[in-house]
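K.L.:
structure for this input, please:
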Amino acid sequence: MTHSADRPTPLQARSSGPLTGKVRVPGDKSISHRALILGALAVGETRISGLLEGEDVLNTAKAMRALGARVERTGAYAWEVRGVGVAGFAQPEIPLDFGNSGTGCRLVMGAVAGCPITTVFDGDASLRGRPMRRVLDPLELMGARVGASGDGGRLPLTLNGARDPLPIVYRTPVASAQIKSAVLLAGLSAPGVTTVIETEASRDHTELMLKHFGAQIVSTRDGSHGRKIVLTGQPELHGADVVVPADPSSAAFPIVAALIVEGSDIVLSDVMTNPLRTGLFTTLREMGASIEETEVRGDAGEPMAQLRVRASKLRGVEVPPERAPSMIDEYLVLAVAASFAEGATIMRGLQELRVKESDRLEATAAMLRVNGVKVEISGNDMMVEGKGHVAGDGLVATHMDHRIAMSALVMGLAADRPVKVDDTAFIATSFPDFIPMMRGLGAEFS
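P.N.:
Predicted structure coming up:
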C-alpha cells in the first residue's frame with residue numbers, strides 16, 4: 001500500500017473566482033464503515049444507498065467478504081450485504097488489509113474479537129505507525145488475545161477472538177468513538193450487558209445504527225459532558241435499509257472554500273447534522289460564517305439537511321476543548337479558515353490530532369507557516385493569527401494524509417499566490433471526486 005510514494009501526484013491551487021453551484025459530497029465515511037460491518041453481523045439482507053466508495057470503505061467491504069459475508073455493489077453508491085449473524089464470522093484465509101483506514105481497522109477488531117477465529121490485521125505504512133493498544137486493551141479484558149504484533153501493539157498483528165467473550169464495564173481513557181465502538185461490537189457476542197462510560201461524549205453513530213439493526217442499547221447522560229451506553233449482548237440483528245448521509249467532514253472543505261473565496265454562494269445537499277459531528281459548523285458560525293440549513297430530515301436515526309454557504313468576513317474565536325470530539329477531523333481546515341479571519345483563533349485540547357494519519361497538529365502548523373501564516377503550538381493548543389489574507393507560495397508536505405492535502409488546496413483558492421501540495425494521491429481514501437467536484441464549483445487547480 002505505498003502507491004503514493006511510488007506515484008506522487010502533486011497539484012497546486014490558485015486564487016479563483018466565486019465558487020457557485022449545488023453538489024452532494026460523498027457519503028459519510030463513519031456511517032459507511034458501520035453499515036457494512038453491522039450488515040455483515042445481521043441476519044438477512046442489508047441494502048445501503050449513498051455508500052462512500054473511497055479506498056478506506058472499500059477495504060472494509062473486502063474485509064467483510066473475507067470474514068464470510070456476501071457484499072455486492074448493485075449500482076452507483078448502492079450495495080447489498082447478506083450477513084452471517086452475530087459471532088458468525090468465518091476465519092479469513094488472508095490478512096485483512098485496511099490500507100490507510102484506522103476507523104475500519106479498529107472497528108473490525110472489535111467485531112472479530114467476539115468470534116472464535118484468528119485474524120491478521122495489516123495496513124499501509126501510515127496505518128502501521130498508528131497506535132492500536134488503546135483498542136486492544138479492552139478487547140483483551142473481554143477475552144480476545146493478541147498474538148504476533150508490531151512494536152507497541154502496532155500493525156501487522158494477529159488477533160485471536162474470544163471463545164467465550166465476557167461482558168465488561170469500561171470507562172474510555174479518551175473521547176474516542178473508535179474505542180467505544182470496538183467494545184460495543186465485541187459486546188454483541190458476549191452474554192449479559194456490556195457498558196461503556198465516556199467522560200466526554202464521542203460521536204454516537206454506532207449506538208444509533210445498532211438500534212436501527214435491532215440491538216437493545218440505551219445511552220444516557222453521565223456527568224456534565226459524558227455518556228453511559230448499555231448494550232444487551234447476543235441479539236439477533238436483522239438486515240436493514242441504510243441511507244448514508246453526506247459526510248460533514250468532507251463537506252468541511254467546500255464550506256470553508258466558499259467562506260474564504262470572495263463572492264461564493266454554494267449549496268450542499270443531504271449533509272449529516274448530528275450534533276456530535278457538527279462542531280465545525282458551530283465554530284464557523286461563531287466566526288461569522290453564513291451557513292443556512294434547509295430541508296431538514298432524518299434516516300436511521302441520523303439527521304441531515306441542505307446547507308447554503310456564502311462568502312463571509314470571519315473573525316478569530318476561541319474553540320473550547322470539550323468541542324474537540326465533535327470536530328476532531330475538521331481542525332485542519334478550520335485552521336485554514338482561521339488564517340483568513342481577522343484576529344487570533346485559539347483551538348484547545350487537540351491531543352488526538354497527534355495520533356491520526358500523521359501528527360496533524362504539527363503538520364497543520366507546518367502547512368500554515370510555509371504559506372506565511374503565524375501559528376503557535378503550546379502543549380495541545382494551537383493559536384492561528386489571522387490577518388484577513390494569506391500570502392501563499394508554499395509547498396505543503398502532506399505526509400500521506402488526505403485531509404492535509406485537501407486543506408492546503410482550499411487555502412490556495414483564496415491565497416495571494418498559489419499553494420502547492422506535494423502529493424494528492426491519498427485524497428482517494430475519503431473523497432475520490434474532491435478535485436473534479438471543486439473544479440465544477442469553479443476552483444482553479446493545475
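K.L.:
residue ranges with poor pLDDT in the protein?
P.N.:
1-6, 357-358 (pLDDT under 70).
K.L.:
rerun that using 50 as the cut-off
P.N.:
1-5 (pLDDT under 50).
K.L.:
tell me the domain ranges of it?
P.N.:
3-24+245-445, 29-243 (automatic domain parsing).
K.L.:
now render those domains as TSV, adding mean neighbour count.
P.N.:
(Glycine included, C-beta is placed from N, CA and C.) Compiled in TSV, the domains of the chain are given as follows (neighbours: other C-beta atoms under 10 Å):
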stretch	mean neighbour count
domain 3-24+245-445	20
domain 29-243	20
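K.L.:
for stretch 281-291, give me every contacting residue.
P.N.:
248, 255-256, 259, 273, 307-317, 319, 323, 326-327, 334, 337-338, 341, 345 (C-beta atoms under 8 Å, 6 or more residues apart in numbering).
K.L.:
wait, I meant stretch 209-216
P.N.:
In this structure, residues lying in contact with stretch 209-216 by C-beta under 8 Å, 6+ apart are 31, 34-35, 38-39, 41-42, 46, 184, 188, 217, 231-232, 235-240, 242, 300-301.
K.L.:
tell me the bridge partners for Thr232.
P.N.:
Val193 (DSSP bridges).
K.L.:
hmm, it is touching Val193, no?
P.N.:
Yes - using C-beta atoms under 8 Å, Thr232 makes contact with Val193 at a distance of 5.8 Å.
K.L.:
can you give me the helices in this structure?
P.N.:
Secondary structure of the chain (DSSP state H): helices located at 3-6, 29-41, 55-66, 102-113, 125-128, 133-141, 177-187, 205-212, 248-260, 279-286, 331-340, 360-369, 402-412, 434-441.
K.L.:
could you dump these into TSV with distance to Gly153 added?
P.N.:
Putting the helices of the chain into TSV (distance: least, C-beta to C-beta, whole Å) gives the following:
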stretch	distance to Gly153
helix 3-6	25
helix 29-41	21
helix 55-66	19
helix 102-113	11
helix 125-128	11
helix 133-141	4
helix 177-187	13
helix 205-212	22
helix 248-260	27
helix 279-286	30
helix 331-340	26
helix 360-369	21
helix 402-412	25
helix 434-441	33
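K.L.:
enumerate every residue touching the nearest residue to Arg73 once chain neighbours are set aside.
P.N.:
Nearest non-adjacent residue to Arg73, counting by C-beta to C-beta, 6 or more residues apart in numbering: Trp79, 5.4 Å away. Neighbouring residues of Trp79 by C-beta under 8 Å, 6+ apart: 36, 47-48, 51, 61, 71-73.
K.L.:
what about Arg163, distance to Ser189?
P.N.:
Separation of Arg163 from Ser189 (C-beta to C-beta, to the nearest Å) stands at 10 Å.
K.L.:
got it, and Arg130?
P.N.:
For Arg130 relative to Ser189 (C-beta to C-beta), the value is 25 Å.
K.L.:
quick check: bridge partners of Val347?
P.N.:
Not quite, residue 347 is Met, not Val. Val319, Met382.
K.L.:
my guess is it meets Val333, correct?
P.N.:
No - counting by C-beta under 8 Å, Met347 stays clear of Val333, with 12.0 Å between them.
K.L.:
Arg14: which of the helices of the chain is closest?
P.N.:
Closest approach to Arg14 among these is made by helix 402-412 (6.0 Å; C-beta to C-beta).
K.L.:
and that closest one with helix 434-441, angle?
P.N.:
Relative orientation of helix 402-412 and helix 434-441, computed by axes from the mean of the first three to the mean of the last three C-alpha atoms, to 10 degrees: 20 degrees.
K.L.:
now helix 402-412 and helix 331-340, what's the angle there?
P.N.:
20 degrees.
K.L.:
which other helices and strands does helix 402-412 contact?
P.N.:
Contacting helix 402-412 under the criterion 3 or more C-beta pairs under 8 Å, 6 or more residues apart in numbering; DSSP states H and E are the following elements: strand 11-14, helix 248-260, helix 331-340, helix 360-369, strand 395-396, strand 419-421, helix 434-441.
K.L.:
partner strands of the fifth one and their direction?
P.N.:
As defined by DSSP bridges, the strand partners of strand 395-396 come to strand 419-421 (parallel).
K.L.:
how far does the partner strand sit from the chain's center?
P.N.:
24 Å (C-alpha atoms, centre = their mean, to the nearest Å).
K.L.:
go on, stretch 215-225?
P.N.:
Relative to its parent chain, stretch 215-225 has a centroid offset of 22 Å by C-alpha atoms, centre = their mean.
K.L.:
cool, stretch 47-60 as well?
P.N.:
So, by C-alpha atoms, centre = their mean, the centroid of stretch 47-60 is 13 Å from its chain's centroid.
K.L.:
hmm, back to that, let's have the helices and strands packed on helix 402-412 in JSON lines, adding distance to His225.
P.N.:
Listed next are the helices and strands packed on helix 402-412 as JSON lines, based on distance: least, C-beta to C-beta, whole Å:
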{"stretch": "strand 11-14", "distance to His225": "37"}
{"stretch": "helix 248-260", "distance to His225": "20"}
{"stretch": "helix 331-340", "distance to His225": "19"}
{"stretch": "helix 360-369", "distance to His225": "22"}
{"stretch": "strand 395-396", "distance to His225": "34"}
{"stretch": "strand 419-421", "distance to His225": "36"}
{"stretch": "helix 434-441", "distance to His225": "33"}
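K.L.:
figure out which of those is closest to Leu107.
P.N.:
helix 248-260 (16.3 Å).
K.L.:
quick check: angle from the closest one to helix 331-340?
P.N.:
For helix 248-260 against helix 331-340, the angle by the same axes, to 10 degrees is 10 degrees.
K.L.:
gap between helix 248-260 and the chain center?
P.N.:
15 Å.
K.L.:
got the contact list for Ala337?
P.N.:
256, 259-260, 284, 287, 289, 314.
K.L.:
including distance to His389, could those go into a markdown table?
P.N.:
Listed next are the contacts of Ala337 as a markdown table, based on distance: C-beta to C-beta, whole Å:
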| residue | distance to His389 |
| --- | --- |
| Val256 | 15 |
| Leu259 | 14 |
| Ile260 | 9 |
| Leu284 | 18 |
| Met287 | 16 |
| Ala289 | 17 |
| Leu314 | 12 |
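K.L.:
out of the helices and strands packed on helix 402-412, which gets nearest to Glu200?
P.N.:
That would be helix 331-340 among these, by C-beta to C-beta, at 15.7 Å.
K.L.:
got the CA positions of the closest one in PDB?
P.N.:
What follows is helix 331-340, C-alpha atoms only, in PDB (Å, rounded to 0.1, in the frame of the first residue of the first chain):
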ATOM      1  CA  TYR A 331      -9.400  21.300  12.800                       C
ATOM      2  CA  LEU A 332      -7.000  21.200   9.800                       C
ATOM      3  CA  VAL A 333      -9.500  23.100   7.500                       C
ATOM      4  CA  LEU A 334     -10.700  25.200  10.400                       C
ATOM      5  CA  ALA A 335      -7.000  26.400  10.700                       C
ATOM      6  CA  VAL A 336      -7.300  27.500   7.100                       C
ATOM      7  CA  ALA A 337     -10.500  29.500   7.800                       C
ATOM      8  CA  ALA A 338      -8.700  31.000  10.800                       C
ATOM      9  CA  SER A 339      -5.800  32.100   8.600                       C
ATOM     10  CA  PHE A 340      -8.200  34.300   6.600                       C
END
